[in-house]
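J.: Here you go, sequence then predicted model.
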Amino acid sequence: FADNGYNLWLNYKLVEDVSLLANYRTQLQSLYIPYQNATAKIAASELENALKILLNERVAETKEIKENSLVLLKTEDFTKYGLASKSFEKTDAFAIEKKMIQNKPVILISSPSEIGLLYGSFKLLQILGTNGDISQINIQESPKIARRILNHWDNLDRTVERGYAGFSLWDWQRLPKYIDQRYIDYARANASIGINGTVLTNVNSNALILTKEWLQKVKALADTFRPYGIRVYLTARFSAPIEIGKLKTADPLDEEVKTWWKDKANEIYNIIPDFGGFLVKANSEGQPGPQNYGRNHADGANMLAKALAPHGGIVMWRAFVYDNEVPEDRAKQAYNEFKPLDGHFEDNVIIQVKNGAIDFQPREPFHPLFGALSKTNTMAEFQITQEYLGMATNLAYLAPLFKECLDADTYAKGKNSTVARVIDGSLFNNKISAIAGVSNIGNDINWCGHPLAQSNWFAFGKLAWNYSLTSEQIAREWTKLTLHTNNSATNEVVDILMQSREAVVNYMTPLGLHHLMGWDHHYGPGPWIANKPRADWTSVYYHKADKNGIGFNRTRTGSDAVDQYQPQLANEFNSTKTCPEKYLLWFHHLSWDYRLKNGETLWNGLVKKYYQGVEEVWQMQTAWNKLNGNIDPEIHLAVKQLFSIQYDDAVMWRDACVLYFKQFSGKPIPAGLEKPK
Ligand code: GCU
């Protein structure tokens with residue numbers, strides 16, 4: 001009986017290893033949870049339902065603690081049970097450990113909060129699902145980043161901008177009265193990986209969502225998600241006071257406008273008392289914003305922040321701004337606009353910065369704004385949906401991409417000033433910390449379109465909770481929980497996942513190339529795209545290929561984007577000797593005869609990368625096909641078919657780019673490569 005991927009990584013299955021099963025059964029004989037609220041009940045039923053499947057045995061709730069119980073306790077109740085007090089730094093942290101309570105050996109999940117108990121319960125189930133040892137279990141976990149948020153680019157008509165997995169989950173037409181089971185499963189999945197916030201609406205926003213009728217629908221979702229620890233946020237259209245408030249202006253310094261937003265915030269919090277706040281895309285790609293009135297980003301963000309502050313809400317103000325009219329390298333514009341405003345934002349504003357300075361490309365160096373705002377809260381925005389990485393058709397496991405950014409050293413306060421430490425608030429002692437992922441979720445049966453793309457939702461949550469995990473650890477955990485592979489098949493799947501993103505980089509945009517995709521749809525190749533209404537929406541703007549060479553000169557002899565980084569990095573990127581080759585053409589315009597580190601010419605090396613990308617897809621495809629019989633047949637077949645499309649796509653990308661650039665280089669394709677597999 002196949003679930004077609006609907007159950008995600010919550011796809012529990014009987015533990016196969018007989019001795020392990022016996023061991024689990026001995027240690028988990030009953031359940032003791034002395035709480036009645038909705039979250040505790042969810043934890044209880046998740047544990048009961050899951051253990052029934054994992055152990056093929058009913059582990060029932062009991063009114064008192066028995067030997068070998070699984071016990072869930074909040075720290076405030078420790079003394080009641082004769083336990084030494086325990087403190088956690090964060091309210092949603094938890095511990096799982098062997099303990100003696102009332103002289104009985106138990107497994108204890110503890111936390112300061114019910115939500116932490118729910119997180120701990122999911123963690124224990126994940127340990128069982130991956131056949132971990134619980135005999136001496138003793139773990140303590142605490143989220144590194146406080147707000148772990150999905151951004152849905154969902155429109156009110158249920159289309160999803162850059163969504164490739166069907167329509168929006170939010171069935172606005174039937175809300176608020178009809179609560180689709182899907183909402184509950186969505187909340188469960190998020191809670192199981194620690195995601196605790198969701199922005200329901202597209203950054204290119206519609207002010208209607210802020211009207212009375214729509215807020216009732218939002219309330220219904222917020223009420224559904226609350227017991228799972230998930231807060232709801234909305235995108236706020238800057239011109240809403242005009243569009244739905246009938247004011248003449250949306251000028252953030254106008255008194256009437258300020259009052260309108262204050263009243264709006266009061267109205268929202270009356271309906272949704274724990275509303276998270278607003279996400280705002282302003283003065284970017286045609287969206288309205290404070291600059292329409294001669295004001296700056298701080299004026300706009302602070303006006304909204306003041307309206308939300310009395311209620312504890314925050315403003316996530318996006319730094320994704322660039323303007324074709326500004327005669328400056330697009331990669332530099334966000335820094336140029338925001339750096340001078342450092343220190344001018346209210347405490348409840350956080351600047352939401354994309355991982356790279358252009359736009360969610362298969363590879364970008366980290367955004368120079370990370371580390372540059374020492375007096376302003378800064379959060380990261382990743383794209384889980386694969387706008388530029390083959391949508392839900394191509395496989396690209398994104399944990400390595402997320403980690404490349406999170407682990408990057410900004411040097412803002414000397415060595416080890418990683419992006420992760422900027423956004424977790426520890427580097428600059430920020431009051432709020434957050435991370436956002438643009439969701440890849442829709443109403444497809446398997447949620448994410450590509451069955452393996454679920455791993456990206458999973459990886460985002462896991463890294464948001466603990467960015468120190470390795471991509472491989474996460475891939476392994478996801479694979480075992482979701483696909484129930486045996487050890488050797490797990491290794492195979494993990495290998496496939498681990499090479500997938502680099503393969504995409506190689507067949508799309510190797511050596512630091514970027515933004516070569518087709519016009520608007522962003523799926524296939526389009527390095528020839530030119531003559532569009534905006535230069536910064538063409539490809540030729542980015543690769544600058546001509547007879548003499550290729551690449552965007554962002555060194556000190558070019559746009560000098562390098563100097564937006566700390567001196568150590570600026571120098572490193574500025575010189576071809578030290579610039580990592582993966583970023584070479586991001587920072588340098590080089591002749592076709594330039595020698596790469598391995599001695600090859602740039603032309604030959606570039607072409608070989610494109611061929612390597614195709615080869616890697618072929619390898620993944622072959623390895624996957626061999627897994628037939630080890631994986632649920634429906635999922636196996638779906639992925640097999642998708643790999644076959646991906647192979648064709650990779651060939652098309654390779655051939656299109658190589659042939660296009662060849663007219664400039666005037667050089668032959670290196671020997672031995674002519675024939676694709
Ligand atoms: C990309 C994407 C748009 C989106 C924008 C944003 O440019 O193509 O659809 O609106 O990013 O992040 O605001």
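T.: Cool, the structure landed. Quick caveat, the model's predicted, so the values are computed rather than measured.
J.: which strands and helices sit next to the longest helix belonging to the chain?
T.: Ranked by number of residues, the top helix in the chain under DSSP state H is helix 633-665. On a contact count with 3 or more Cβ pairs under 8 Å, 6 or more residues apart in numbering; DSSP states H and E, helix 633-665 meets helix 487-508, strand 549-550, helix 602-626. Glycine gets a C-beta too; all of them are placed from N, C-alpha and C.
J.: closest to the ligand out of these?
T.: Closest approach to the ligand among the helices and strands packed on helix 633-665 is made by helix 487-508 (15.7 Å; Cβ to the nearest ligand atom).
J.: could you give the mean pLDDT of that closest one?
T.: Over the span of helix 487-508, the pLDDT mean works out to 98.
J.: immediately after it, which helix or strand?
T.: helix 540-543 (DSSP states H and E).
J.: gap between stretch 301-312 and the chain center?
T.: Offset of stretch 301-312 from its chain centre (Cα atoms, centre = their mean, to the nearest Å): 26 Å.
J.: Flag every buried residue along it.
T.: Ala301, Asn302, Met303, Leu304, Ala305, Lys306, Ala307, Leu308, Ala309, His311 (16 or more other Cβ atoms under 10 Å).
J.: Stretch 359-374 now?
T.: Within stretch 359-374, the residues scored as buried using 16+ other Cβ under 10 Å are 359-373.
J.: likewise stretch 247-266?
T.: Quick answer for stretch 247-266 (16+ other Cβ under 10 Å): Leu247, Ala250, Asp251, Pro252, Asp254, Val257, Lys258, Trp260, Trp261, Lys262, Lys264, Ala265.
J.: Give me the contacts around that stretch.
T.: For stretch 247-266, the surrounding residues in contact (Cβ atoms under 8 Å, 6 or more residues apart in numbering) are 210, 238-242, 245, 288, 290, 292-293, 295, 299-300, 302-304, 306-308, 310-311, 313.
J.: cool, stretch 644-657 as well?
T.: Here stretch 644-657 makes contact (Cβ under 8 Å, 6+ apart) with 390, 393-395, 503, 507-508, 516, 524-527, 610-611, 613-614, 617-618, 621, 676.
J.: Just the element for the residue nearest to the spatial centre of the chain, please.
T.: The centroid of the chain falls nearest to Gly437 when counting by Cα atoms, centre = their mean (3.0 Å). Assigned by DSSP H and E, Gly437 falls within strand 434-438.
J.: Give me the subset of the contacts of stretch 247-266 lying in helices.
T.: Among the contacts of stretch 247-266, DSSP H puts Ala240, Pro241, Ile242, Asp299, Gly300, Asn302, Met303, Leu304, Lys306, Ala307, Leu308 in helices.
J.: Correct me if wrong: the residue nearest to the centre of the chain contacts Leu150.
T.: Yes: under the criterion of Cβ atoms under 8 Å, Gly437 makes contact with Leu150 at 5.8 Å.
J.: Need the residues touching each of these two.
T.: By Cβ under 8 Å, 6+ apart, Gly437 and Leu150 have these common neighbours: Ile384, Phe460.
J.: Can you flag the buried ones in the contacts of stretch 644-657?
T.: Buried by 16+ other Cβ under 10 Å: 390, 393-395, 503, 507-508, 516, 525-527, 610-611, 613-614, 617-618, 621, out of the contacts of stretch 644-657.
J.: okay, now the domains of this protein?
T.: Listed domain ranges for the chain are 8-141, 147-469 (source: automatic domain parsing).
J.: The ligand is nearest to which of those domains?
T.: Checked against Cβ to the nearest ligand atom, the stretch from the domains of the chain lying closest is domain 147-469, at 4.8 Å.
J.: and Glu325, how many neighbours?
T.: By other Cβ atoms under 10 Å, 6 other residues sit near Glu325.
J.: Contacts only, for Phe661.
T.: Pro527, His543, Ala545, Ile550, Trp603, Leu606.
J.: Most widely separated two among those?
T.: For the contacts of Phe661, the maximum inter-member distance is 14.8 Å, found between Pro527 and Trp603 (Cβ to Cβ).
J.: Thanks a lot, see you next time.
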